[in-house]
Structure formats: C-alpha cells, structure tokens
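1. Below are the sequence and a predicted model for it; my questions follow.
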Amino acid sequence: MTHSIQPKNLLAGLGLALLILSSPIAVYVWRLMGFAPQAALAHPLLLITITNGFSILLLIGIYYRFWVRLTQLEQGDDNSKFLSPEIRDRQQDEWQEQNFVSVILDTANALITVLDKQGRIIQFNQTCERLTGYSFEQVKGKYIWDLFLLPEDIECVKTIIEELQACHFPNEHENYWIARDGTRRLISWYNTVLLDDNSTLKYLISIGIDITERQQAEKMRRQLERQQELSQLQLRFFSLVSHEFRTPLSTILASVQLLQLCPDKFSPDKKIRNLQRIEAATQRLRQMLDNILTINRAETGQLDFQPRRVNLAQFCQGILAEIPHNPDNPYELNLVMQADCSYACLDEQLLRSVLINLLTNAIKYSPPDTIISFRVTCTTTEISFKVCDQGIGIYADDIPHIFEPFYRGKNIDSIPGSGLGLTVAQTCVIVHGGNISVTSEPGVGTTFTVTIPGEVISRL
C-alpha cells in the first residue's frame, strides 16, 4: 500500500495547526519562549499576527521535511517497507546472491572476465586488474584484443569467441596477455557461456590461470633433464671412445714393435698380416673419428647435404676397397648390382658414412669365413642398398633402440664397438630424405635396408 501527498492535505494541516498555535495558550507559550515581547500584551492583535507568522514558518519547514521523505519513499528508495513479506524476502535473497557472486569474482585467485554477446568487457575482476594494471572502468565496454593481446594471437582469440557465439562451448586455449607496463603473462583460459531463460546466448565467460611461472619452471626442468642426459651421454661417450681408441692403438703399437724388434724373424706373410692389422686398426680409428664429427655436425645444424651425380658402380666398388681385410676375422663380401643402376644424384660423403658403418658392423658381428651380401637395386622412384649378414642377429626388444647413440645389444658380449655407427647411418639417411630399416633373427643374421627416394635419382 502506498501513500500519496496531496496539496489540499498540506493546506488543511497548516490551517489546523495555525488555529491551534493562534490560541491564547499558544500566545502565552510564544511569549514565554521570548518570541513575543511583553509589551505586545497590550496589543493582542499584533501578538497574534507575530505568533501566526512564526508558526507558519515552522510548520512549512516541518512539512517540507515530511514531504521530501515521503516522496523518496514513493520513488522507491525505501520501497521494501511497503512490499509484501514474500516479495521483500525474494529481493533480499537476490541482493545477497548478487553480493555473494561479486565477492567471489573479486576474491578468486583467477582471472575472470565476462563479455557481452559481441565480445565487449562487462565484468573484470580484481585479479585481472592486478595483473594488467588496468581498472575495470578503463576496460569496460572494450574488446580484449584492443588492450591485452599480441598481434599474432588476435585472430585465434576471435575464432574462439565466434565458436562460443555459435554455442560451441566450452573450449580452452592459451595466449599471452600484455599488461599496462608491457610485461607478458601466459594465461591458460577455460571459456564457456551463460544462457538466458530462452536458451539464447547472454554472456561469454572466461576463467584464466596465470601459468607463466609454471611454464618457466617446466622449461627449466626440461633443460635440466637435457643437461643430465647430455652429461650421461658424455660419460658414456668418453668411456666407450677411450676404450675404442685404446684397442686399435694397442694393436698398432704391438704390430709396429714386432716389426721393429724382430724384422728378420718374420716371413713375408707374417709381415703382411701385421701390416693388415695396422691398416685395419687405423681404419677403425678413422671411422670412429668420422662418426663423432658427423654426429657433432648434425647436432649443431652444420651437416651439409650436397648431392651430385655419382656413378653407382664405381662408388660401391670404392666403398669395398676402403674396408680392410682383417686376418683375424676373414670374410667374403659380395657386391650385387642391378643392371640398370648406373648413375644417381646423392651426397657421396654422407652415403659413404652410411654404407661403411653397415658393412663394418656386418663384418664385426659375423663369425669368420661368412658371406656378407651387398645389394644395390633401382626402380623408377627409388634406389635401395641392402647389407645382409649371417651373424649373431639382434633381439626383438633391442631393435627399437639400436639407432640411439651408444646403445649396444644384449648379445654382443665382448665385441668392441662405440654404439655410434647406426646413429650416424640413420642421420645421414634422414638428410637424404630416405629411410633405413632392419630385419633380424638372433643366430641367423641381419639385413639393413637403406632406401633413398626418387627425388635424388638421375638415371641415365
């Protein structure tokens, strides 16, 4: 129920009050209060006039205060006093809910932004203010890409907002926000929407977590792990390489000493055998140095690919000539070439590293007097090199790891090796854009297949 103030009610009240205050009792009271002089008693009409004047002014002030207050109440400043208990309770619950949500938004340790359907900011909590250096009043009604985003992130964020506008929600993304002072913070966002009673889009809501420190910590962790891996690789490298260098150097030194100390006691055949040992040990040292340099160039991005026209038959014959015959481990090496394999366009130095490593491994892990097959075939789209041996083979669980640096199979026993040859072979094949694969059976033999795509083949 509402109350209204009418001018006639005010005039009636003033008239009644004036009659009361004009009575003799009121006149006497006014005289005692000092508002009417004693001399005025001799002039009753003057006294009544003065008294009525003061009374009217006083009543006008009182009624003015009443009228203003009641007018405010009628305009809704204190409407709840005139509402039913049910409506008043519901309004109070809504007010408490709004206040509760506002407190959550401002105290949450997450960035919370609320956008309208067009993507303009209509809510921006205190965490956002602290991170960006902007107040809500400064960003209200603006698009986030006008303030916070890197130029390269704008289109991605607009696409995400378009997905939300199409009611494809929720979604997640990460991007940098630029604060007012120019600093960048990486934010992980979870985005959703708020629908109205008609299930139409009302607001876009984004909740973000600052993951800048987490990203830096993850980066440092990966760097630390990488450093630890490198440290372990270095230890394994120096351990294996020192052993691998020591063995051929000892062979060379022993053979040279025998030839020097007892030159007359050796037959020509024995001298040749010692010279072959020296040659084999020297080739082994050379191959290890080449492998180390190749891996280092690959890791530093300095492994150049320089293909040129190569005569395949001459190239493969030259590879076989580089492999010395070890009198302690004789073998038979057969080269089989397809008739129409004449020329190819490839990097001769890189392919040499591939084939030398595969052939020396086949010799190393095969028993004496076995046959090692080296096959070269060509098609219209690729050239293939196959190295087949009858050696100790490779266990199935070792095959996925054989191209890793310094990895050696479980069945090599005391056979020397650095574990770098297959790593180098794979690296050089990849530079060619090719592929290297292996099939093996323990105790039967192993076949390595190197395939180089047609882009590097020039068949004449």
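-> Nice, thanks for sending it over.
2. Can you say which helix or strand has the closest residue to L115 other than its chain neighbours in it?
-> In space, and not counting its chain neighbours, L115 is closest to L204: 4.1 Å by C-beta to C-beta, 6 or more residues apart in numbering. From N, CA and C alone the C-beta is placed, and that goes for glycine too. Assigned by DSSP states H and E, L204 belongs to strand 201-210.
3. so where does the spatially closest residue to N171 that is not a sequence neighbour fall, helix or strand?
-> Ranked by C-beta to C-beta, 6+ apart and with sequence neighbours excluded, the top spatial neighbour of N171 is N191, at 5.2 Å. Using DSSP H and E, N191 sits in strand 184-195.
4. re the thing from before, who are the contact partners of the residue nearest to L115?
-> When contacts are counted by C-beta atoms under 8 Å, 6 or more residues apart in numbering, L204 is found next to 114-117, 119, 161, 164-165, 191, 193-194.
5. Quick one: buried ones out of these?
-> 114-115, 119, 161, 164-165, 191, 193 (16 or more other C-beta atoms under 10 Å).
6. Quick check: the two most widely separated of these?
-> V114 and Q165 (14.4 Å; C-beta to C-beta).
7. just checking, the residue nearest to N171 touches N175?
-> No. Using C-beta atoms under 8 Å as the test, N191 is too far from N175 to be in contact (11.5 Å).
8. still on that earlier bit, check which element follows the strand holding L204 along the chain.
-> Defined by DSSP H and E, the subsequent element after strand 201-210 is helix 212-261.
9. Tell me which helix or strand comes right after that following helix.
-> Downstream of helix 212-261 (by DSSP H and E), the next one is helix 268-299.
10. what's that next one packed up against?
-> Here helix 268-299 touches helix 212-261, helix 348-364, helix 421-431, going by 3 or more C-beta pairs under 8 Å, 6 or more residues apart in numbering; DSSP states H and E.
11. Mind checking what secondary structure E162 has?
-> Using DSSP: H, G, I helix; E, B strand; the rest coil, the structure places E162 in helix.
12. one step back: next, format the buried ones among the contacts of L204 as a markdown table and append distance to T451 and pLDDT.
-> As requested, the buried ones among the contacts of L204 are exported to a markdown table (distance: C-beta to C-beta, whole Å; pLDDT from 0 to 100):
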| residue | distance to T451 | pLDDT |
| --- | --- | --- |
| V114 | 58 | 88 |
| L115 | 55 | 90 |
| G119 | 53 | 86 |
| I161 | 48 | 86 |
| L164 | 49 | 87 |
| Q165 | 50 | 85 |
| N191 | 47 | 89 |
| V193 | 53 | 88 |
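13. Can you tell me which of these is nearest Q215?
-> Checking the buried ones among the contacts of L204 one by one against Q215 (C-beta to C-beta), the nearest turns out to be N191, at 19.8 Å.
14. any idea how the chain splits into domains?
-> Domain assignment for the chain, taken from automatic domain parsing, gives 7-80, 101-210, 217-297, 301-456.
15. for the second one, the distance to its chain's centre please.
-> Meaning domain 101-210. Relative to the centre of its chain, domain 101-210 is centred 20 Å away, using C-alpha atoms, centre = their mean, to the nearest Å.
16. Distance to N274 and mean pLDDT added to the helices and strands packed on helix 268-299, as CSV?
-> As requested, the helices and strands packed on helix 268-299 are arranged in CSV below (distance: least, C-beta to C-beta, whole Å; pLDDT from 0 to 100):
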stretch, distance to N274, mean pLDDT
helix 212-261, 4, 76
helix 348-364, 20, 90
helix 421-431, 26, 89
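17. Format the ones you listed as JSON lines; extra columns: distance to I383 and mean neighbour count.
-> JSON lines is the format used below for the helices and strands packed on helix 268-299 (distance: least, C-beta to C-beta, whole Å; neighbours: other C-beta atoms under 10 Å):
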{"stretch": "helix 212-261", "distance to I383": "32", "mean neighbour count": "13"}
{"stretch": "helix 348-364", "distance to I383": "10", "mean neighbour count": "21"}
{"stretch": "helix 421-431", "distance to I383": "12", "mean neighbour count": "22"}
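18. closest to D146 out of those helices?
-> The nearest among those, by C-beta to C-beta, is helix 212-261 at 22.1 Å.
19. pLDDT (mean, whole number) over whichever strand or helix holds V387?
-> Using DSSP H and E, V387 sits within strand 382-388. The predicted model assigns strand 382-388 a mean pLDDT of 91.
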